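Structure for the following, please:
(chains A and B)
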Amino acid sequence: MRRALGAVVVLAVLAFPLVFVRPFPRHVMIMIFLYGALATAWNVLAGYCGQISLGHAVYFGIGAYTSTLLAREAALTPWVGMVAGAGLAVLVSQAIAYPVFRLRGHYFAIATIGVGEIVQTVVINWDWIGGARGLFVPIKRPDSLVNFQFHESKAVYYYIALGLLALALAATRRLERSRRGYLFRAIREDQEAAASLGVHVAREKHVAMAVSAALTALGGTFWAQYVLFIDPESVFPLSLSILICLVAVLGGVGSLWGPVLGAAVLVPLSEGTRVLLGGTGKALDLVIYGALIMLIAVFQPAGIVGLARRFGRDRRQGAGSATRQESAA
Amino acid sequence: MGCVYALVAAGLSLIFGLMEIVNFAHGEFLMIAMYVAFFAWAVGGLDPVVGAPLAAVALAGLGWVTYHGVIRRVLAGPMLTQIFATFGLGVFLRSAAQFVWGVDFRVVQDPWLAGRVSLGGIFVGLPQVGASAAALGAFLALYLFLSRTQTGLALTATAQDRQAASLMGIDTERMFALGWAIGGACVGIAGALVAMFFYIYPEVGGTFALLAYVTVALGGFGNVPGTLAAGVVVGLVEALAGLLIPPAFKYSVVFALYLAVVLWRPQGLFGRF
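Numbering: from 1, shown residues only, chains lettered A, B, ... in the order given. Okay, the predicted model is just below:
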């Protein structure tokens, strides 16, 4: 039953661009995949390892800038840039991780915000990489997979974004079932207890950060090739860092499918309100968006996955009395 | 500026100490306070100095409503939920301000305090001096309230141990609401003071809020006197950094300072774990 349902969903997702040929539905799906992948990457560090980072835009921006700069200065294909960006993100993440992992809870979250702000300020003021003006990705014609640019149709972007999401999910799934996945969750639940049982806490956290950063950077490169223009305000902002974890939290932290579900709900919502109500300069779309976030936090703290689980359990147990809080904190 | 940062941060610190929640809508509270001060001036002809108590009352009300409407419901939830409840509130308030008042920059013209004074050869804007003095005054009042009055002591007790306090007959529920109201009042006064010399627009809270988080974390979460000291440190570092290196980097220096301090003392300068 589950298997059949899964197969139907996969087929529907694969066939989607064949049915919907207009750009907007495809754009919404691409954004769902992208944010789903970013939230999944964040989930590796926050959901499984319990380290709530509010500075993941740093790795996203590194991915976007590395591939774009390599394409401009060395005429390298963005695919090479993507790998290089992920590598650089891993290096930077380890340098960041060293100080911030000494902190816990709110102190850790605020330190990651601080690092994010420092990086954004540096990029804004660094003229060689475009400064506050940003960078255009060199336009290449005709469309080709090597150039990672498709001006005629969004269909290829669609499948690349889908691949990105599949990669992030596969990595998470593998991690979830590995010994390391258990170590991560042990650290999340109780760091001291894990350490006393011989878990190398610092090393495991660094690994979680590296995996998370690399996956996030891949998303950054994709974004640069999709929009073809990047600037510090669009790829390094605090609001992006927060949006990434918002997607994960909405769906359900510390679960494989939670971040994807979150993206599937939040992205159409924000794109929809943007198209319907945005553009008036009145920010009505953001009013609704903010109110919704609040309502979700108040009424469904465990996210959509929590809701689904509770529903399933209620059905099995008859009347529902169990309201176990799923939490990463 | 440091004293004003400290006052903005004081409300945040108080709320955190009380119930371990970081209010991510704090910058928006400040923004609303600035608008209150602005409209008190534009409509009622009241100078921000007079408008400050008005803003304090308005923001205390907002804090109280926030507690009862949102925070009370997520108190038992995980930290992430609390972050997002307040973050959502922030987005809501900011965009609602843009919806109602538009994105125009507004200024209070000809405030009572204008011009410059010379303090030992250093020229300082009079509004800034006035704001610092008023912020210090408000801080002193807050400190005396917390340490001298019955209610203030009950608040402190609740912050130290929720259960023990409720066993002693303190209505912790009321204390939490009171904490939010006082936190709101602090940021209300700070907002009115800042409105004297700063542009007023929906996004204005951002920078102040970031600095407030750093200030609170630097001083140690929940430690009100520590917050004052950290606020002064942040203000001084910002001013000196603006003088010595390109001003664009001055906030980077503040954040770097925070990182350096927590490397050495993870709980902040005066914090306890």
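
Only C-alpha atoms from now on, for both contacts and neighbour counts.
Will do.

where do the helices sit along chain B?
Along chain B, the segments classed as helices by DSSP state H run B:2-19, B:26-42, B:48-66, B:72-74, B:79-101, B:126-148, B:150-160, B:162-167, B:172-195, B:205-219, B:224-244, B:250-264.

Just send those helices back as a markdown table, with mean pLDDT, mean neighbour count and distance to A:Leu88 too.
A markdown table is the format used below for the helices of chain B (pLDDT from 0 to 100; neighbours: other C-alpha atoms under 10 Å in any protein chain shown; distance: least, C-alpha to C-alpha, whole Å):
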| stretch | mean pLDDT | mean neighbour count | distance to A:Leu88 |
| --- | --- | --- | --- |
| helix B:2-19 | 78 | 28 | 36 |
| helix B:26-42 | 87 | 26 | 33 |
| helix B:48-66 | 85 | 22 | 42 |
| helix B:72-74 | 80 | 18 | 38 |
| helix B:79-101 | 82 | 23 | 29 |
| helix B:126-148 | 79 | 17 | 44 |
| helix B:150-160 | 79 | 19 | 44 |
| helix B:162-167 | 78 | 14 | 46 |
| helix B:172-195 | 85 | 26 | 41 |
| helix B:205-219 | 81 | 25 | 27 |
| helix B:224-244 | 80 | 21 | 29 |
| helix B:250-264 | 80 | 20 | 21 |
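
So which of those helices is nearest A:Tyr107?
helix B:205-219 (6.5 Å; C-alpha to C-alpha).

what's the spacing between that closest one and its chain's center?
Between the centre of helix B:205-219 and the centre of its chain there are 8 Å (C-alpha atoms, centre = their mean, to the nearest Å).

So is it next to chain A?
Yes - residues of helix B:205-219 contacting chain A under C-alpha under 8 Å from any C-alpha of the partner chain: B:Tyr213, B:Val214, B:Ala217.

For the second one, which non-adjacent residue is closest in space?
Excluding its sequence neighbours, the residue lying closest to B:Val214 (C-alpha to C-alpha, 6 or more residues apart in numbering or on different chains) is B:Tyr258, at 6.7 Å.

So that neighbour sits against B:Gly220, correct?
No - taking contacts as C-alpha atoms under 8 Å, B:Tyr258 lies outside contact range of B:Gly220: 11.2 Å.

near chain B, which residues of the stretch 1-150 of chain A show up?
A:99-100, A:102-103, A:106-107, A:110-111, A:114-115, A:117-118, A:121-122, A:125.

Which among these count as buried?
The neighbour count (16 or more other C-alpha atoms under 10 Å in any protein chain shown) marks A:99-100, A:103, A:106-107, A:110-111, A:114-115, A:117-118, A:121-122, A:125 as buried among these.

got the residues you listed as CSV, with secondary structure, distance to A:Leu261 and pLDDT columns?
Listed next are those as CSV, based on DSSP: H, G, I helix; E, B strand; the rest coil; distance: C-alpha to C-alpha, whole Å; pLDDT from 0 to 100:
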residue, secondary structure, distance to A:Leu261, pLDDT
A:Pro99, helix, 33, 83
A:Val100, helix, 30, 86
A:Leu103, coil, 30, 82
A:His106, helix, 26, 75
A:Tyr107, helix, 29, 78
A:Ile110, helix, 27, 81
A:Ala111, helix, 29, 85
A:Gly114, helix, 29, 84
A:Val115, helix, 29, 89
A:Glu117, helix, 29, 85
A:Ile118, helix, 32, 87
A:Thr121, helix, 33, 85
A:Val122, helix, 35, 87
A:Asn125, coil, 37, 85
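
Would you check how far apart B:Met79 and A:Ala84 are?
As for B:Met79, its distance to A:Ala84 is 35 Å (criterion: C-alpha to C-alpha, to the nearest Å).

Looking at the stretch 51-200 of chain A, which residue is nearest chain B?
Of all residues in the stretch 51-200 of chain A, A:Ile118 sits closest to chain B, at 4.8 Å by C-alpha to the nearest C-alpha.
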